[in-house]
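1. Here is my input; please provide its structure:
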Amino acid sequence: MVGCSTTTGRYILPQLLTNFHREYPQVKATCQVASQELAFKLLCEGKIHIAMTSSPHLSKEADYRKFITDQTLLIVPLDHPWVEKGWITPQELANTQIILPDEGSETHTAVRESLASVGVSIYQLSSVMELGSSEAIALSVQEGLGAGFVSNIIVDRLVYDRVKPIKLQGLSIFQDIYIGRYPSRPQSTSQTAFWEFVKSYKFSLQQEAIGINLNDIPPN
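-> Residues are numbered from 1 along each chain as shown. Here you go, the predicted model:
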């Protein structure tokens, strides 16, 4: 039993579980998509065996290992004025309508803290709406509603070639995704096999193909 957040569950685990099943065809794995808080609660209660989360600090008793690092991208519609230039300063975010992730979400926290580090308040942006679904944000951007911040995984899997990632001068937003378990609980052979499989697994994204090479962003 694996518990995970929505983005992780929908876009990482299918690839992960498919490859695990090829190697261990007799093992049945079940994924429960939930919020980060609920996944952690279920892990504490022993109702799931492994949890994926962006925070490794939810429990001192749990054993967390970093699985991947995902980038949060600023994306705009293909007809947006920023497309030709390809990059902006963080301060220029105030010049367009923004679709923000729901406050309290992992992405909202990552964007808020990263912008604050360069003196930009997320609450001063021209927010046209807040959406609780990363998929909804990406599709709204595709339809021209405004710019938005979404996971690289969402761009890669859902709106590839239908939106434009815009680079932020002097700023990159990353989220580490961790896998966690409670080592004090007895681990079955299949649970141990999955844990070891994930630790050595290489998850791939088409990062260069969607134009997020940070080396060509003008310096501060």
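
2. Distance check, residue 69 against residue 179.
-> Residue 69 is 13 Å from residue 179, where distance means Cβ to Cβ, to the nearest Å. The C-beta positions use only the backbone N, C-alpha and C, and glycine is treated the same way.

3. cool, residue 84 as well?
-> 41 Å.

4. Between the two, which has more neighbouring residues?
-> Between residue 84 and residue 179, counted using other Cβ atoms under 10 Å, the more crowded position is residue 179 (24 against 7).

5. Now for residue 76, how many residues are close by?
-> Residues near residue 76, counting by other Cβ under 10 Å: 22.

6. what does residue 126 give?
-> Residue 126: 12 surrounding residues under other Cβ under 10 Å.

7. any idea of the mean pLDDT for the longest strand along the chain?
-> For the chain, the strand that runs over the most residues, judged by DSSP state E, is strand 63-76. For strand 63-76, the mean per-residue pLDDT is 91.

8. in that strand, what counts as buried?
-> 64, 67-68, 70-76 (16 or more other Cβ atoms under 10 Å).

9. And the strands in the chain?
-> Assigned by DSSP E, the strands in the chain fall at 2-4, 31-33, 50-53, 63-76, 87-88, 97-101, 126-131, 147-151, 164-168, 173-181.

10. Now distance to residue 108 too, for these, in JSON lines please.
-> Formatted as JSON lines, those follow (distance: least, Cβ to Cβ, whole Å):
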{"stretch": "strand 2-4", "distance to residue 108": "18"}
{"stretch": "strand 31-33", "distance to residue 108": "19"}
{"stretch": "strand 50-53", "distance to residue 108": "16"}
{"stretch": "strand 63-76", "distance to residue 108": "10"}
{"stretch": "strand 87-88", "distance to residue 108": "20"}
{"stretch": "strand 97-101", "distance to residue 108": "4"}
{"stretch": "strand 126-131", "distance to residue 108": "8"}
{"stretch": "strand 147-151", "distance to residue 108": "8"}
{"stretch": "strand 164-168", "distance to residue 108": "16"}
{"stretch": "strand 173-181", "distance to residue 108": "11"}
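
11. tell me the most buried of those?
-> Comparing the strands of the chain by mean neighbour count (mean count of other Cβ atoms under 10 Å), strand 147-151 ranks first with a mean of 28.

12. measure residue 76 to residue 158 for me?
-> 15 Å.

13. what does residue 101 give?
-> Distance, residue 101 to residue 158, using Cβ to Cβ: 15 Å.

14. Then residue 60?
-> 36 Å.

15. what about these two, which has more around it?
-> Neighbour totals were compared for residue 60 and residue 158, and residue 158 leads with 18 against 5 (other Cβ under 10 Å).

16. What segments of this structure are helices?
-> With DSSP state H as the definition, the chain shows helices at residue ranges 6-11, 13-23, 36-44, 82-85, 106-116, 134-142, 152-158, 189-200.

17. can you redo these as a markdown table with distance to residue 52?
-> Below are those laid out as a markdown table (distance: least, Cβ to Cβ, whole Å):
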| stretch | distance to residue 52 |
| --- | --- |
| helix 6-11 | 5 |
| helix 13-23 | 8 |
| helix 36-44 | 7 |
| helix 82-85 | 33 |
| helix 106-116 | 11 |
| helix 134-142 | 15 |
| helix 152-158 | 12 |
| helix 189-200 | 9 |
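
18. Grab the most central residue of the chain for me.
-> Centre of the chain computed as the mean C-alpha position; nearest residue by Cα atoms, centre = their mean is residue 151, 4.3 Å away.
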